[in-house]
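Undergrad: Make a model of this:
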Amino acid sequence: MSKYKLSVIIPTFNTGVFLHESLGSIINQSIGFENVEVILVDDKSSDPLTLSIIDDYVSKYSNIKVIYLEENSGFPGRPRNVGIDASTSDYVIVMDHDDSYEIDAFEHLYNTITKENADMVSSNYFEEYKNIKEKHTYIFGPDFDKIKISSIDEDLRFFDIGPAIWIKLFRKSFLNEHNIRFLEGMLAEDLNFFINVLLQSNSIVYLDNYFGYNYKIRDTDEDKSTIHVRNKKYLDAMISGYYETWDMLINLNQEKYFSNVFRAHLVFWLTSFIASDISNMDKKDLAKRMGPILTEQLKYTPDFGETIYIPLVKPLKNKNFDEFVKASNNIKKSRKRRMKIKNFIHKLKI
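TA: All right, here's what the predicted structure looks like:
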């Protein structure tokens, strides 16, 4: 039996000073730091500062451990899996290396998952934009403190919670029983993991009115989170994760939930695809590969749920990917024009 109540897995890669805030928020948890196991999995950092910070914390605290990967995996899946496999407690949670927890987050999540005998408990979270901290959107509403289901069929709104893997505490025995681990070598690994849990769990709890995590939104040229990288490699890695998730739905005989799983994520992918500055040739390659997934979604939402994407529908159905790219570039230009007008009006009001 483990002496820890829960294990926190933190993949690191050239994290730098962000790690101080992340680990500080764990060390100060109201549940008592002595009850927490921290497993850092470094994905072959080349930054001396990151390695120095890791060494410093590991030397000071016996319950902070580090595993150094011999090769950089390029994506979060492998270090997360290595950390889960190395954890010794009954419950695990996976953190991003540049965020932080509210001081009572672990106590809140742990007490809930043990009291409710659940496989997973998730809460809401804060979004941080520089110095602005805002509550993430409610799924059920501020009057719903706790919602519990024994099957996803009981409330399909659980699909709308979103992956947000860092605010979800899992029963490790459940993950092992169903062989649930993160996809490796690709993105959308958190989506795949979360949906796998949703479809196979007999007990899930969501805390809509408790905000336990501070999710930093970094999307500038100088400082950009992985989720906001818009090059071919990352857009293609997301496609790989989507196909794996589609296959999972088929294997679990749950393809009826295709749109519930993909609707919002395909809008996000299209938004990133259109905003990217990659070449038209690369865009065509991506659109061709993504084509079957986008076409499947059109069966449920004829315009992907966003009227701005209507010009993409006809070329997609005709498999005319040159026209698809051309239409996407026109949408990008239109967005830029609207943004310029919006900024101009804003200046006039000032």
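Undergrad: And Thr88, how far from Asn63?
TA: 10 Å (Cβ to Cβ, to the nearest Å). (C-beta placed from N, C-alpha, C; glycine too.)
Undergrad: ah, wrong one, I meant His20
TA: Taking Cβ to Cβ, one finds His20 at 17 Å from Asn63.
Undergrad: sorry, back to before: of Thr88 and Asn63, who's got more company?
TA: Asn63 (17 against 14; other Cβ atoms under 10 Å).
Undergrad: which residues touch the more buried one?
TA: Applying Cβ atoms under 8 Å, 6 or more residues apart in numbering to Asn63 gives the contacts Tyr4, Phe33, Glu34, Val36, Glu37, Val38.
Undergrad: so the first one is in which element?
TA: Spelled out, it's Tyr4. In this structure, Tyr4 sits in neither a helix nor a strand according to DSSP states H and E.
Undergrad: my guess is it contacts Phe33, does it?
TA: No - using Cβ atoms under 8 Å as the test, Tyr4 is too far from Phe33 to be in contact (10.2 Å).
Undergrad: Mind checking which of these two has more residues around it?
TA: Just comparing Tyr4 and Phe33: by other Cβ under 10 Å the higher neighbour count belongs to Tyr4, 18 against 15.
Undergrad: List the contacts of the more buried one.
TA: The contact partners of Tyr4, by Cβ under 8 Å, 6+ apart, come to Asn35, Val36, Glu37, Asn63, Thr88, Ser89.
Undergrad: helix/strand/coil for the last one?
TA: Secondary structure state of Ser89, per DSSP: H, G, I helix; E, B strand; the rest coil, is coil.
Undergrad: Which parts of the stretch 151-300 of the chain are strands?
TA: For the stretch 151-300 of the chain, the strands defined by DSSP state E, counting those that start in this stretch cover 168-171, 204-216.
Undergrad: deepest of the ones you listed, which one?
TA: Per-stretch averages of neighbours, counted by mean count of other Cβ atoms under 10 Å, single out strand 168-171 among the strands of the stretch 151-300 of the chain, with a mean of 24.
Undergrad: for that one, packing partners?
TA: If contacts are counted by 3 or more Cβ pairs under 8 Å, 6 or more residues apart in numbering; DSSP states H and E, strand 168-171 sits against strand 91-94, helix 105-115, strand 120-129, helix 189-200.
Undergrad: in its sheet, what does that strand sit against?
TA: Sheet pairing for strand 168-171, assigned by DSSP bridges, gives strand 91-94 (antiparallel), strand 120-129 (antiparallel).
Undergrad: can you pull the buried residues of the first one?
TA: Of all the residues in strand 91-94, those buried under the rule 16 or more other Cβ atoms under 10 Å are Tyr91, Val92, Ile93, Val94.
Undergrad: What about the nearest residue to the first one once chain neighbours are set aside, how many residues nearby?
TA: Translated: Tyr91. In space, and not counting its chain neighbours, Tyr91 is closest to Leu6: 4.3 Å by Cβ to Cβ, 6 or more residues apart in numbering. Leu6: 23 surrounding residues under other Cβ under 10 Å.
Undergrad: Skipping its backbone neighbours, what lies nearest the spatially most central residue of the chain in space?
TA: Nearest to the geometric centre of the chain sits Ala164, at 4.3 Å (Cα atoms, centre = their mean). Using Cβ to Cβ, 6+ apart and skipping the chain neighbours, the partner closest in space to Ala164 is Tyr125 (6.5 Å).
Undergrad: ditto for Leu298
TA: Leu298's closest residue in space is Val313 (Cβ to Cβ, 6+ apart), at 6.6 Å.
Undergrad: That neighbour reaches Gly305, doesn't it?
TA: No - between Val313 and Gly305 there is no contact under Cβ under 8 Å: 12.0 Å.
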